[in-house]
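A.B. asks: Quick one, what's the 3D model for this:
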Amino acid sequence: MVKAYPRLLFVVLPIVAFLSSFLLGRYPVSPIQVVSALAARTSLIELAHSPAIDTVVFQVRLPRIMAAMLVGASLSTSGAAYQGMFRNPLVSPDILGVSAGAGFGASLAIFLSFGVVATQFSAFLFGLLAVAITFSISSSIRGNNPALGLVLVGVLVGTLFTSLTSLMKYLADPYDKLPAITFWLMGSLASATGRDVRLASIPILAGLIPLYLTRWRLNALSLGDEEAQALGVSTTRLRLLVVVCSTLVTASAVSITGIIGWVGLVVPHLARMVVGPCYRRLLPASFLVGGTFLLVVDDIARTLAPVEIPLGILTSVMGAPVFLYLLKQTRRGWI
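C.D. replies: Next up is the predicted model:
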């Protein structure tokens, strides 16, 4: 059934998850109240609803829902692009050090007592800086496999920024700044606002649109450099485009949520099992599945326990078993 109607499923599931998320939370909201509030905002129909419901729906839950779908879609799409570029099913969006750089940027801003906006900007800036360092160093190293060199340098740069983050945690005030750094690194959407979504959507769309427009070239790149060049694809330019766009998308997403692992690794494989390895269908499918997945995880995070669970913990707990299941069940090539 899933394989017979993949497109319909990918359209229905995000809509169901989007509408259902309004009903979940500490403050009880009924479906009728949600429909009344949405109808009053989106049409000329004036339906009676309390100001409290309007505040919960549009100022608390709607920004968080939009942020979850935007971040999940961004991480999964960039993960799918990276897996095709590196021809490696174990590649995730943070392979080049963007998450480690963003984590250090946020930790440094919190250590210096910067505000929320400055912390997000610092995370975004250092995420881009980490990948820029990775790409510049790997470009100066000559070898027969440039993709492998890029990954190895990315691991080293990520380790460096992770060590600097640990230094910030060691020097931070254990009663004030250390808990804030630790909580940010675990990932959360608790403080997401409509302003965050609007600001992050600009660079995210700037990165996703070129990836979508060149998605057919990723099919050629996944065959190898020689085959792609024989088909008329400039592998160097395409690899640079994927790195720049995916880094921009990932850094923007991480800056407003903190570090959330496994989404960019597991979700592309889930989408690939349904629509196949062709990137003309895989990138849009990863976008929709990733947004739905993180939204569901966020719903669980804010309703499962009396205290909200960080997203990074839940995505790791859910992602590892799912990935093991995929490894055991798949019978065809990943790419």
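
A.B. asks: Quick check: residue 316 vs residue 322, distance?
C.D. replies: To residue 322, residue 316 is 11 Å away according to Cβ to Cβ, to the nearest Å. The way it works is simple: take the backbone N, C-alpha and C, and place the C-beta from them, glycine included.

A.B. asks: Equivalent analysis for residue 63, please.
C.D. replies: Using Cβ to Cβ, residue 63 is found at 28 Å from residue 322.

A.B. asks: higher neighbour count, these two?
C.D. replies: residue 63 (19 against 16; other Cβ atoms under 10 Å).

A.B. asks: my read: the more buried one touches residue 198, true?
C.D. replies: No. Look at residue 63 against residue 198 with Cβ atoms under 8 Å: they stay out of range, at 9.4 Å.

A.B. asks: And residue 131, which helix or strand is it part of?
C.D. replies: helix 116-140 (DSSP states H and E).

A.B. asks: I'd like to know which elements that helix is packed against.
C.D. replies: helix 98-111, helix 146-171, helix 235-257 (3 or more Cβ pairs under 8 Å, 6 or more residues apart in numbering; DSSP states H and E).

A.B. asks: Show me what the last one packs onto, helices and strands only.
C.D. replies: This points to helix 235-257. Against helix 235-257 (3+ Cβ pairs under 8 Å, 6+ apart) you get helix 62-86, helix 98-111, helix 116-140, helix 146-171, helix 194-213, helix 215-221, helix 225-230.

A.B. asks: Kindly report the same for the longest one.
C.D. replies: In terms of contacts (3+ Cβ pairs under 8 Å, 6+ apart), helix 146-171 is packed against helix 62-86, helix 98-111, helix 116-140, helix 177-186, helix 235-257.

A.B. asks: Among those helices, which comes closest to residue 283?
C.D. replies: For the helices and strands packed on helix 146-171, proximity to residue 283 was assessed by Cβ to Cβ; helix 62-86 is nearest, at 5.9 Å.

A.B. asks: Give the rounded mean pLDDT of the closest one.
C.D. replies: Throughout helix 62-86, pLDDT has a mean value of 94.

A.B. asks: Neighbours of the residue lying closest to residue 243 once chain neighbours are set aside, how many?
C.D. replies: Leaving out its chain neighbours, the residue that sits closest to residue 243 by Cβ to Cβ, 6 or more residues apart in numbering is residue 135, at 6.1 Å. Per other Cβ under 10 Å, the neighbour tally for residue 135 reads 21.

A.B. asks: In this structure residue 135 contacts residue 96, no?
C.D. replies: Yes. Using Cβ under 8 Å, residue 135 is in contact with residue 96, at 7.5 Å.

A.B. asks: so what pLDDT did residue 327 get?
C.D. replies: In this model, residue 327 carries a pLDDT of 71.

A.B. asks: Roughly how far does the spatially most central residue of the chain sit from residue 287?
C.D. replies: When Cα atoms, centre = their mean is applied to the chain, the residue found nearest the centroid is residue 75 (2.5 Å). Separation of residue 75 from residue 287 (Cβ to Cβ) stands at 10 Å.

A.B. asks: and what of residue 184?
C.D. replies: Counting by Cβ to Cβ, the gap from residue 184 to residue 287 is 26 Å.

A.B. asks: Contact partners for the residue nearest to the centre of the chain?
C.D. replies: 93, 249-250, 253, 260, 263-264, 267, 290, 294 (Cβ atoms under 8 Å, 6 or more residues apart in numbering).

A.B. asks: for the stretch 51-200 of the chain, which spans come out with low pLDDT?
C.D. replies: Filtered on pLDDT under 70, the stretch 51-200 of the chain yields the residue ranges 142-144.
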